[in-house]
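Trainee: quick one, what's the 3D model for this:
(chains A and B)
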Amino acid sequence: AAGVIQSPRHLIKEKRETATLKCYPIPRHDTVYWYQQGPGQDPQFLISFYEKMQSDKGSIPDRFSAQQFSDYHSELNMSSLELGDSALYFCASSWNQETQYFGPGTRLLVL
Amino acid sequence: AQKVTQAQTEISVVEKEDVTLDCVYETRDTTYYLFWYKQPPSGELVFLIRRNSFDEQNEISGRYSWNFQKSTSSFNFTITASQVVDSAVYFCALSAHNNAGNMLTFGGGTRLMVKP
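Mentor: Numbers count the residues shown, from 1 in each chain, chains lettered A, B, ... in the order given. The predicted structure follows:
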């Protein structure tokens, strides 16, 4: 069965640079979610999209923005990167607000 | 506000032992879902089970079983005859099912180490 695809899997950036993370949800899923997991922490909800419209917002910094495109893939844009942004970023997708299935994550390291 | 508490941060067992991971939750919503996810050392989050608030039936899947008790707001997870491959961090999570969105609120996770 098709799973959530995330790219890139690993990313190294310098402070103050920008990064773009991509997510391709499971086909026919109508909702995409983004989570951030710091080292040794539980995943924290950032933002979600239902049918290409932002549906909910969590603890997402103003330096981050996200959108969902007409083909349902989503991108998380991160600017002015800080050391504290180093984390594992997960995308998840669901259908009809049911089970969220997670992608493999993008591991971001900010130097 | 929603909250999930996993009081056990780390558990260490020897292979073939049974182990129970505790999860306690708080929510004001009447309709909600409870989940367990497994995060092995490779880092991905693997879905294990979903339970809705109206279904208190316990569930068994192979060596895994789950005990949902609404009266105590608990959703515990038992692994029978543990194996080394069960070593991972296990997260309990909660989502409301309402118009305000259904983001997951995770507990802090329990790291399970199964020794041979």
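
Trainee: after the helix or strand hosting B:Tyr90, which helix or strand is next?
Mentor: Secondary structure from DSSP states H and E places B:Tyr90 in strand B:88-96. Moving toward the C-terminus from strand B:88-96, the next helix or strand (DSSP H and E) is strand B:105-106.

Trainee: does anything pack onto that next one? Which helices or strands?
Mentor: With contacts taken as 3 or more CB pairs under 8 Å, 6 or more residues apart in numbering or on different chains; DSSP states H and E, strand B:105-106 sits against strand B:3-5, strand B:88-96. C-beta coordinates here come from the backbone N, C-alpha and C atoms, glycine included.

Trainee: what is the neighbour count of residue 36?
Mentor: Just going to use chain A. 22 (other CB atoms under 10 Å in any protein chain shown).

Trainee: try again with chain B
Mentor: 22.

Trainee: can you confirm it is in a helix?
Mentor: No: counting by DSSP: H, G, I helix; E, B strand; the rest coil, B:Trp36 is not part of a helix but strand.

Trainee: sorry, back to before: direction included, what does the strand holding B:Tyr90 pair against?
Mentor: Here strand B:88-96 is paired, per DSSP bridges, with strand B:32-39 (antiparallel), strand B:105-106 (antiparallel), strand B:110-115 (antiparallel).

Trainee: make TSV out of those and add mean pLDDT.
Mentor: Formatted as TSV, the strands paired with strand B:88-96 follow (pLDDT from 0 to 100):
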stretch	mean pLDDT
strand B:32-39	96
strand B:105-106	96
strand B:110-115	98
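
Trainee: save those as JSON lines, and put in distance to B:Gln6 too.
Mentor: Output for the strands paired with strand B:88-96, formatted as JSON lines (distance: least, CB to CB, whole Å):
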{"stretch": "strand B:32-39", "distance to B:Gln6": "10"}
{"stretch": "strand B:105-106", "distance to B:Gln6": "9"}
{"stretch": "strand B:110-115", "distance to B:Gln6": "5"}
